[in-house]
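A.B. asks: need coordinates for the below:
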Amino acid sequence: MIVIPAIDLRGGRVVRLFRGDFGHETAYDDDPVEVAQRFEAQGARRLHVVDLDAAAGEGSNRDVVREICRTVAIPVQLGGGIRTLDAIERALEDGAARAILGTVAALDPGFVAEAVDQVGDGILVGVDVRDGHVRTHGWREEGARLEDAVPALAHAGAPRFIVTSIARDGTMEGPDLSLYERMRELTETPVIASGGIRVAEDVWALRELGVEACVVGKAMYSGTLRLEEVVRG
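C.D. replies: Numbers count the residues shown, from 1 in each chain. Predicted structure coming up:
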């Protein structure tokens, strides 16, 4: 099990949202590069970076992302507004090891096949779920049912999924284990879990379900989970 610290960027700062609500933001640090270096020093094997401004179509934190990628030696998976082949190429050129496709993947699984054909394992498909449906456009619009979306994306060749329970995101109420059980029923494609993790026991519960990795954000910033507790998990 790989535990991946999250660095969500908005206006150049490290922030966390509550259930994806842009109006419910908590700022944690004004120096995202230093935060990335700190996570690396604590033993992180990968970083999860999301440009929230790009995801919402309200700007970009590209310079910060590039600096993070240049500064740390560990791989960075990058999400937020990546919806074209050119955007994928820019993300990888900026130093990201993987580009996360969210909205565009949910709307057009055929694009996933095209992207995977171009960059292979450099693609990570985001599946953001609320009430059994995939959400798009910064989680603001409802898309296909999970049972329809996941097989289509797997058939398109998605190398792995990052699956977020929107109702648990930023809440520290524990992960939605039933969601990840359902994912394992729907696909054999590796799954990264995101949303709700508060303590080390949550990580172990996900490991028992066969989840490949998990993204942790607020719990690390709030101090309920320390990376050294789970870095060898």
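A.B. asks: lowest-pLDDT helix or strand in the chain?
C.D. replies: For the chain, using mean pLDDT, DSSP states H and E, the weakest element among its helices and strands is strand 21-29, scoring a mean of 75.
A.B. asks: what's the closest non-adjacent residue to residue 154?
C.D. replies: Nearest non-adjacent residue to residue 154, counting by Cβ to Cβ, 6 or more residues apart in numbering: residue 187, 4.6 Å away. Where C-beta positions appear, they are placed from N, C-alpha and C, glycine not excepted.
A.B. asks: repeat that for residue 62.
C.D. replies: residue 94 (6.7 Å).
A.B. asks: now the helices for this structure?
C.D. replies: In the chain, helices defined by DSSP state H lie at 32-41, 52-55, 62-71, 85-93, 103-107, 109-119, 146-155, 177-186, 200-208, 218-222, 227-230, listed in chain order.
A.B. asks: can you list contacts of the first one?
C.D. replies: With contact meaning Cβ atoms under 8 Å, 6 or more residues apart in numbering, helix 32-41 is reached by 5, 7, 9, 12-14, 28-29, 47, 49, 61, 64, 67-68, 71-74, 220, 227.
A.B. asks: so residue 112 sits against residue 158, correct?
C.D. replies: Yes. Residue 112 sits in contact with residue 158 when judged by Cβ atoms under 8 Å, with a separation of 5.6 Å.
A.B. asks: mind listing the shared neighbours of those two?
C.D. replies: Shared contacts of residue 112 and residue 158, defined by Cβ under 8 Å, 6+ apart, comprise 105, 123, 125.
A.B. asks: most neighbours among these, which one?
C.D. replies: residue 105 (29 neighbours; other Cβ atoms under 10 Å).
A.B. asks: wait, doesn't it sit right on residue 116?
C.D. replies: No. Using Cβ under 8 Å, residue 105 makes no contact with residue 116, being 10.4 Å away.
A.B. asks: overlap in contacts of the two?
C.D. replies: residue 158.
A.B. asks: mind listing what residue 164 touches?
C.D. replies: Contacts for residue 164 (Cβ under 8 Å, 6+ apart) come out as 126-129, 194-195, 215.
A.B. asks: what of residue 12?
C.D. replies: Here residue 12 is in contact with 30, 32, 61, 64 (criterion: Cβ under 8 Å, 6+ apart).
A.B. asks: distance-wise, check the second one relative to residue 97.
C.D. replies: In this case it means residue 32. 17 Å (Cβ to Cβ, to the nearest Å).
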